[in-house]
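Asker: Next comes the sequence, and after it the predicted model I'd like to discuss.
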Amino acid sequence: MGLEIKDVATTPFTDQKPGTSGLRRSVKQFSQPGYLENFIQSIFNTLPMERRNMLVVGGDGRYFNRQAAATTIAMAVANGFSRIIVGCGALLSTPAVSSLIRSRRADGGIVLSASHNPGGINGDFGIKFNTANGGPAPDTVSEEIFRNSRQLTRYFIAPQVQVNINLPGEFSFADSVVEVVDPVADYRQTLEHVFDFDRLREGFAKGRLSVRFDAMHAITGPYARELLEDCLGACSGSVVNAEPREDFGGQHPDPNLGNAKTLVGFMAAKTAPLLGAASDGDGDRNLILGRQFFVTPSDSLAVIAEHANAIPQFRAGLAGVARSMPTSRAVDRVAAAKGIDCFETPTGWKFFSNLFDAGKISLCGEESFGTGGDHLREKDGLWTVLVWLSILAETGESVSALVQRLWHHHGRFVYSRHDFDHLDTDQAAAMMMYLSGFAANAKRTHIKDRQIVAADVFRYIDPVDHGESHNQGIRLFLDDDVRLVYRLSGTGTAGATLRIYIENYLRDNVNVDARQFNRGNGQLAADIARIEHFTGVCAPSLVT
Ligand code: G1P
Ligand code: ZN
């Protein structure tokens with residue numbers, strides 16, 4: 001008897017438009033009959049039969065992950081994929097998916113994750129589709145998926161395809177094989193290629209390196225344990241909260257100063273390890289701390305660029321660097337000093353892929369705690385930790401000394417982000433519309449005692465495929481080296497979130513408290529946008 005393939009009639013959902021990073025919805029929305037199946041089928045429909053050879057599937061372990069993985073596998077078999085690679089326990093970090101796609105030459109991968117959004121039965125779920133280069137689907141592909149989802153009338157599933165994903169192994173179903181793999185092995189190999197593990201091991205063995213890594217009960221626990229403790233010899237207990245949990249232990253796995261309070265407290269001690277770090281739900285973000293010191297992601301990117309020669313992957317020199325537009329311009333200064341290109345892209349990792357593939361950049365990052373290199377096409381949390389460890393091993397300096405030196409050489413971009421959550425969607429849209437109009441006429445306008453010297457709505461023309469992305473955030477440049485950026489988030493699942501990014505350049509006297517220092521400019525930014533008038537909200541819900 002052949003394998004039963006069910007052709008299931010379905011009704012399209014109208015809201016399956018991927019955002020900054022895949023489709024994110026509440027678990028409740030994803031649990032509606034057909035919601036998950038429709039979206040997975042819409043992804044598969046964008047792949048012609050000749051591109052259905054190999055698919056990677058895995059997720060961050062949050063609630064609904066196992067069930068969604070089982071459905072995805074049964075649908076992949078029904079849709080003619082010949083090999084489906086899945087991580088044991090349906091676990092794979094986002095960088096590990098990118099790594100597997102590349103090393104196994106798969107046609108794509110499905111990441112079951114809502115990244116840094118809260119998990120659990122009352123939390124969020126998400127699906128990201130990565131293409132054959134290992135990177136997030138570009139906008140053109142996402143638009144095609146969305147188009148498909150609005151017209152979908154049937155999906156295909158093979159109900160007999162049920163595999164035990166708890167142990168590595170292979171399972172055959174007609175013309176398809178489901179291969180269950182150790183989630184860490186391939187990723188570990190990728191990192192072994194780009195770092196000098198012996199040197200790092202020596203650093204830990206001689207006591208020159210020490211680390212505290214908080215996996216926040218999300219996906220990076222098993223990865224960090226194996227890499228940092230088992231492989232590099234960081235002392236046992238260096239990795240904490242290492243068991244992935246369906247609700248992330250009730251924590252919010254978004255590694256910032258607010259959510260990683262225990263780690264921040266731990267690193268406040270004079271006897272704390274040299275490096276403190278954390279990652280998010282799916283392992284692509286990173287938080288970097290020194291003893292009593294927080295490194296902003298923008299400064300982290302600049303320090304990495306500055307010390308590229310300490311990292312074996314970059315020893316031949318950086319081809320170029322890139323940052324998302326709202327990320328501070330610290331890395332631009334380093335790039336200029338090194339005489340290399342620095343690209344400014346819209347928010348979202350997908351915009352970096354073309355630059356990597358064309359060999360225009362080797363390193364990039366975002367202010368939202370994301371850094372990555374040309375070894376993958378995703379941002380990579382643990383990679384960033386090994387990058388910092390490599391720099392610490394090579395220079396023998398502390399985290400804070402490295403950042404102070406960056407500021408001393410290039411000046412400091414004092415940086416803050418103010419988030420206004422849970423705004424009414426229409427009111428937030430009206431405010432952005434007002435602000436775009438304001439920006440169009442803002443040049444040489446005086447606001448209180450300040451002058452706006454330039455303003456625009458950011459648009460991007462991809463230097464490789466010349467694709468255009470419009471409406472990517474509003475920028476105001478003031479006469480005193482202050483830049484204000486406004487954009488709406490594309491990852492939330494309820495209402496709208498406005499992000500205001502405040503950057504203030506200081507050449508000297510750089511040791512200020514960023515929060516305090518940017519408070520006045522934050523208020524100015526809110527006044528300019530008339531946030532209270534449009535939304536009734538007068539203060540940000542989160543300042544990072
Ligand atoms: C946020 C970040 C962005 C990042 C994305 C996925 O998107 O701002 O830099 O690429 O998460 O991690 P946003 O919610 O701002 O659209
Ligand atoms: Zn993430």
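Answerer: Cool, got the structure. Ligands and ions are numbered 1, 2, ... in the order given.

Asker: how about the strands of the stretch 1-150 of the chain, start to end?
Answerer: 6-9, 23-26, 54-59, 83-91, 108-112, 124-130 (DSSP state E, counting those that start in this stretch).

Asker: Make CSV from those strands and add mean pLDDT, distance to ligand 1 and mean neighbour count to it.
Answerer: For the C-beta atoms, the positions are set from N, CA and C on the backbone; glycine is no exception. As requested, the strands of the stretch 1-150 of the chain are exported to CSV (pLDDT from 0 to 100; distance: least, CB to the nearest ligand atom, whole Å; neighbours: other CB atoms under 10 Å):
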stretch, mean pLDDT, distance to ligand 1, mean neighbour count
strand 6-9, 98, 32, 12
strand 23-26, 96, 9, 22
strand 54-59, 98, 15, 28
strand 83-91, 98, 19, 23
strand 108-112, 98, 12, 28
strand 124-130, 98, 9, 26
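
Asker: got those strands as a markdown table, with distance to N509 columns?
Answerer: Below are the strands of the stretch 1-150 of the chain laid out as a markdown table (distance: least, CB to CB, whole Å):
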| stretch | distance to N509 |
| --- | --- |
| strand 6-9 | 66 |
| strand 23-26 | 42 |
| strand 54-59 | 47 |
| strand 83-91 | 48 |
| strand 108-112 | 44 |
| strand 124-130 | 43 |
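
Asker: just so I know, which of those lies nearest N441?
Answerer: For N441, the closest of those is strand 23-26, at 35.4 Å, according to CB to CB.

Asker: burial of N164, as a residue count?
Answerer: N164 sits with 9 neighbouring residues when counted by other CB atoms under 10 Å.

Asker: any idea how far ligand 1 is from it?
Answerer: 32 Å (CB to the nearest ligand atom, to the nearest Å).

Asker: How about H375?
Answerer: H375 is 18 Å from ligand 1, by CB to the nearest ligand atom.

Asker: Can you tell me the closest non-neighbouring residue to that residue?
Answerer: Of all residues not flanking H375 in the chain, V194 sits nearest, at 4.8 Å (CB to CB, 6 or more residues apart in numbering).

Asker: ok, now how distant is that neighbour from A401?
Answerer: Remark: distance between V194 and A401 (CB to CB, to the nearest Å) = 25 Å.

Asker: which one of the two has more residues nearby?
Answerer: Neighbours around V194 and A401, counted as other CB under 10 Å, are more numerous at V194. The numbers are 18 against 13.

Asker: That one against R315, yeah?
Answerer: No: under the criterion of CB atoms under 8 Å, V194 makes no contact with R315, lying 10.3 Å away.

Asker: In contact with the closest residue to K360 other than its chain neighbours, which residues are there?
Answerer: For K360, ignoring the flanking residues on the chain, the nearest one in space by CB to CB, 6+ apart is G320 at 5.1 Å. By CB atoms under 8 Å, 6 or more residues apart in numbering, the residues touching G320 are 335, 340-343, 355, 360-362.

Asker: go on, P159?
Answerer: 4, 6, 74.

Asker: who's the residue nearest to K360 bridged to?
Answerer: D341 (DSSP bridges).

Asker: re the thing from before, next, work out how far apart the residue nearest to H375 and ligand 1 are.
Answerer: In terms of CB to the nearest ligand atom, V194 sits 22 Å off from ligand 1.

Asker: With V295 instead?
Answerer: From V295 across to ligand 1, the span is 17 Å (CB to the nearest ligand atom).

Asker: repeat for A429
Answerer: 15 Å.

Asker: elements contacting the host helix or strand of that residue?
Answerer: For A429, the host element (DSSP states H and E) is helix 425-440. Using 3 or more CB pairs under 8 Å, 6 or more residues apart in numbering; DSSP states H and E, the elements in contact with helix 425-440 are strand 450-457, strand 474-478, strand 482-488, strand 496-506, helix 519-529, helix 531-535.

Asker: Could you give the number of residues near the residue of the stretch 301-450 of the chain found nearest ligand 1?
Answerer: With CB to the nearest ligand atom, the shortest gap between the stretch 301-450 of the chain and ligand 1 falls at S368, namely 3.5 Å. S368 sits with 25 neighbouring residues when counted by other CB under 10 Å.

Asker: In this structure it contacts S298, no?
Answerer: No: counting by CB under 8 Å, S368 does not reach S298; the two are 10.0 Å apart.

Asker: Distance check, R66 against V57.
Answerer: For R66 relative to V57 (CB to CB), the value is 11 Å.

Asker: shared neighbours of the two, anything?
Answerer: By CB under 8 Å, 6+ apart, R66 and V57 have these common neighbours: A90.

Asker: Spell out which residues sit in contact with V399, please.
Answerer: 274-275, 288-291, 293, 295, 388, 392.

Asker: Tell me the pLDDT of it.
Answerer: Per-residue pLDDT puts V399 at 98.

Asker: Point out the residues in this protein that sit beside ligand 1.
Answerer: For the chain, the residues in contact with ligand 1 (CB under 6 Å from any ligand atom) are 20-21, 115, 324, 347-349, 366, 368, 370, 489-491, 499.

Asker: Could you pick out the buried ones from these?
Answerer: By neighbour count, with 16 or more other CB atoms under 10 Å, the residues of the chain next to ligand 1 hold 20-21, 115, 324, 347-349, 366, 368, 370, 489, 491, 499 as buried.

Asker: What segments of the stretch 1-150 of the chain are helices?
Answerer: 27-30, 35-45, 65-78, 94-103, 139-151 (DSSP state H, counting those that start in this stretch).

Asker: what does the longest one contact?
Answerer: The set of residues that contact helix 65-78 without belonging to it, under CB under 8 Å, 6+ apart, is 3, 5-6, 30, 36-37, 40-41, 44, 55, 57-59, 84, 86, 89-91, 110, 112-113, 125, 127, 155-159, 161-163, 165, 173-174, 176, 178, 246.

Asker: restrict the residues you listed to contacts with ligand 2.
Answerer: Counting by CB under 5 Å from the ion, nothing from the contacts of helix 65-78 sits close to ligand 2.

Asker: Now do the contacts for D374.
Answerer: 313, 319, 356, 361-363.

Asker: again with G19
Answerer: 490-491.

Asker: The closest residue to I474 other than its chain neighbours: neighbouring residues, count only.
Answerer: Distance criterion CB to CB, 6+ apart; nearest residue to I474, sequence neighbours excluded, is Y486 at 4.6 Å. For Y486, the count of nearby residues is 25 (other CB under 10 Å).

Asker: thinking Y486 is in contact with I502, fair?
Answerer: No: in this structure Y486 lies outside contact range of I502 using CB under 8 Å: 10.3 Å.

Asker: shared neighbours, those two?
Answerer: A525.

Asker: So for the residue of the stretch 301-450 of the chain closest to ligand 1, what's the pLDDT?
Answerer: Checking the pLDDT column for S368, the value is 97.

Asker: What is the burial count for the residue lying closest to R102 once chain neighbours are set aside?
Answerer: Nearest-residue entry for R102: G134, 4.3 Å, with adjacent residues in sequence omitted and distances by CB to CB, 6+ apart. For G134, the count of nearby residues is 25 (other CB under 10 Å).
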